[in-house]
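# build me a structure from this.
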Amino acid sequence: MEYYLLFGLMGAGLIFWFLNGMRLERISRQKFEKKLRELPGKAPDKSYDEEHFLFQRTKEHDRSDEFGLDRITWNDLSMDEIFKRLDYSYSAAGEEMLYRILHKPSFDREELKHRNEIVRYFEEHDEERVKLQLYYARIGRTGKYSIYEYLDYLQNLEVKGNAKDLAVLFLMIVSVGVMFVKPGYGIFMLGALVIYNFLSYFKAKGEIQPYITTFRYILRMLQQTEELVKQKVPAVSREWERLEKLCTEFSSFRRGADIAVGNSITSGDPMELVRDYMRMMFHFDLMKFRSMHKTVSEHCTELKEMFDTVGYVEAMICVALFRRSVGYYCEPVFLEKSEAGSVLNVQKVYHPLLKDPVPNSICCERGVLLTGSNASGKSTFLKTIAVNAILAQTVCTCLAESYRADFFRVYSSMSLRDDIMGGDSYFIVEIKAVKRILDACEISEKAPVLAFVDEVLRGTNTVERIAASTEILNAIESKNALCFAATHDLELTTLLEDTFDNYHFEEKLQGDDVVFAYKLLDGRAVTRNAVELLRVLGFPDEIVQKAGENAEKYLKRENTWAGIL
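Prediction:
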């Protein structure tokens, strides 16, 4: 009777444990669904593994072409931070595809139109968006390494056959037969084969263990992709159709896959302990792994296409959520070739990373030269135009009231620094960066260059800087290009007035404070505040007064220091 009570309590405990697990899982799912429904209007709150990020960054720059963003431009514009602002993904596929899309501005009207249709759909259909994100969350991430990196490793792994393991398995069957004739010989033979398999198992298992993670991810992606394509989403019917075909090519990959990628004995599952010993004894998991490896090697291109297609749809979901999280946005209008030239017309544009941005507008058909004091808004304006030009040609979204422009290839030379490892000084780094823009202008048959130069040649003396800057900026503007440049050299506003339009930012001194309006104004800068800032920051009156007098004398003597200092 006591035994029955004990077994009854144990059974009740197991049932309670099972039901409680289901309850907790349901609560967790409900919380996650609630979080997904509350995403619109909020910025992403993800954390990133810098090692994974570094691989992604290196990979995209290594395969960039003359139409993609190069490393300098990406870094100048803080595009990693722009990516984070858009990244609402829950799968590695979506995260990596969004990162790639931002690196590759598109020049294909139809492709951009298709992207925009998908984004609009998910903006307007919240239920479908939530359902899909649940599946993407189940696909999950790959850890600190990219799935592409794992697949590259698999491609380099030698594809081995199962002949040896099948031969041992055959001999085990023979040994069982021998037991019926000569039990002693049969038992000895079977024991020797089992010991051999146990000893060889750990070496073979150790070699493939790093790749088990990859196969687990591939399996999750295959399983969830089959669920994704069951969802009726008209905007992505083309993508769903392709994914359905790709899934059928991996049916053999999925059959019996749990044998190879099941949990280890450390999972605490008693049945898994039994299965682990069976794996050691018969090498079923090793044989299945080799079969899966062969499938991946033969269909690596298709697997990458599936990864890209799955990620593409989630990337568009990210854009839809991004649109709903900003103050206002517009869909860009790209000019037809007949009306193009180097034209950019953007109204009330702002930067996505600024908490309280000041919108600005500009319409230009030739170069733009910006002047103004430090911190007045010149660099931010350059970055605002550049980032929005990239967003227009990647995610069909501009943070502006309107955006009308030609297709552009975006290049910048802004936030440069010494290259200690390469042995280059700041000036050498700078002239190399500017030279690459000139080189890009020479191959602009398909699209003009949109160039951004902040303080061109700031690393050299004033006379040569002004002389060289004049020729370089004129050379860029004379090509099939539209150039935005910022400078402190007011002489350039006169030297370049035939090819560049002058704009400026200004500030006001209010007591001991400098107030910046951050509004773009026509014409060259007329205010100077460097000397006055010395006073505001507490420099001795003698220094402030003398500096001001010398500056006035310099201007009156037509920009010469002779006889002043």
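# all helices of the stretch 101-250 of the chain, in order?
109-124, 126-139, 147-156, 163-181, 183-228, 237-248 (DSSP state H, counting those that start in this stretch).
# which residue ranges form the strands in the stretch 201-350 of the chain?
333-334, 344-349 (DSSP state E, counting those that start in this stretch).
# so where does the most centrally placed residue in the chain fall, helix or strand?
Central residue of the chain (Cα atoms, centre = their mean): residue 99, 2.2 Å from the mean position. Assigned by DSSP states H and E, residue 99 falls within helix 92-103.
# by how many degrees do that helix and helix 109-124 diverge?
Orientation check (axes from the mean of the first three to the mean of the last three Cα atoms, to 10 degrees): helix 92-103 against helix 109-124 gives 130 degrees.
# related to what we said a few turns ago, so can I have CSV of the helices of the stretch 101-250 of the chain showing mean neighbour count, distance to residue 406 and mean pLDDT?
Every C-beta, even on glycine, is put in place using the N, C-alpha and C of the backbone. CSV is the format used below for the helices of the stretch 101-250 of the chain (neighbours: other Cβ atoms under 10 Å; distance: least, Cβ to Cβ, whole Å; pLDDT from 0 to 100):
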stretch, mean neighbour count, distance to residue 406, mean pLDDT
helix 109-124, 17, 12, 97
helix 126-139, 19, 33, 95
helix 147-156, 16, 33, 78
helix 163-181, 13, 62, 82
helix 183-228, 16, 37, 84
helix 237-248, 15, 28, 94
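# so which of those gets nearest residue 342?
Closest of the helices of the stretch 101-250 of the chain to residue 342 is helix 109-124, at 18.4 Å (criterion: Cβ to Cβ).
# ok, residues contacting the closest one?
With Cβ atoms under 8 Å, 6 or more residues apart in numbering as the test, helix 109-124 has contacts from 106, 128-129, 233-236, 238, 313, 316-317, 319-321, 323-324, 331, 334, 393, 395-397.
# from what I see, residue 180 and residue 186 are in contact.
Yes - between residue 180 and residue 186 a contact is recorded at 7.4 Å, counting by Cβ atoms under 8 Å.
# which residues are in contact with the residue lying closest to residue 442 once chain neighbours are set aside?
Leaving aside its chain neighbours, residue 442 sits nearest to residue 479 (7.1 Å; criterion: Cβ to Cβ, 6 or more residues apart in numbering). For residue 479, the contact set (Cβ under 8 Å, 6+ apart) comprises 438, 441, 442, 444, 449.
# farthest-separated two in those?
Largest pairwise distance in those, by Cβ to Cβ, is 11.0 Å, between 438 and 444.
# between the two ends of stretch 72-92, how far is it?
One end of stretch 72-92 sits 25 Å from the other (Cα to Cα, to the nearest Å).
# what's the spacing between it and its chain's center?
A distance of 5 Å separates the C-alpha centroid of stretch 72-92 from that of its chain, computed with Cα atoms, centre = their mean, to the nearest Å.
# buried ones in it?
72-80, 82-92 (16 or more other Cβ atoms under 10 Å).
# wait, residue 314 sits on residue 132?
Yes - taking Cβ under 8 Å as the definition, residue 314 is a contact partner of residue 132 at 7.5 Å.
# tell me the phi and psi of residue 48?
In terms of degrees, to the nearest 10, the main-chain angles of residue 48 are phi -130, psi 140.
# contacting residues for it?
Contact partners of residue 48, counting by Cβ under 8 Å, 6+ apart, are residue 84.
# can you check the pLDDT for it?
We have a pLDDT of 80 for residue 48.
# use 57 as the first number from now on
Shifting the count to begin at 57 puts that one at residue 104.
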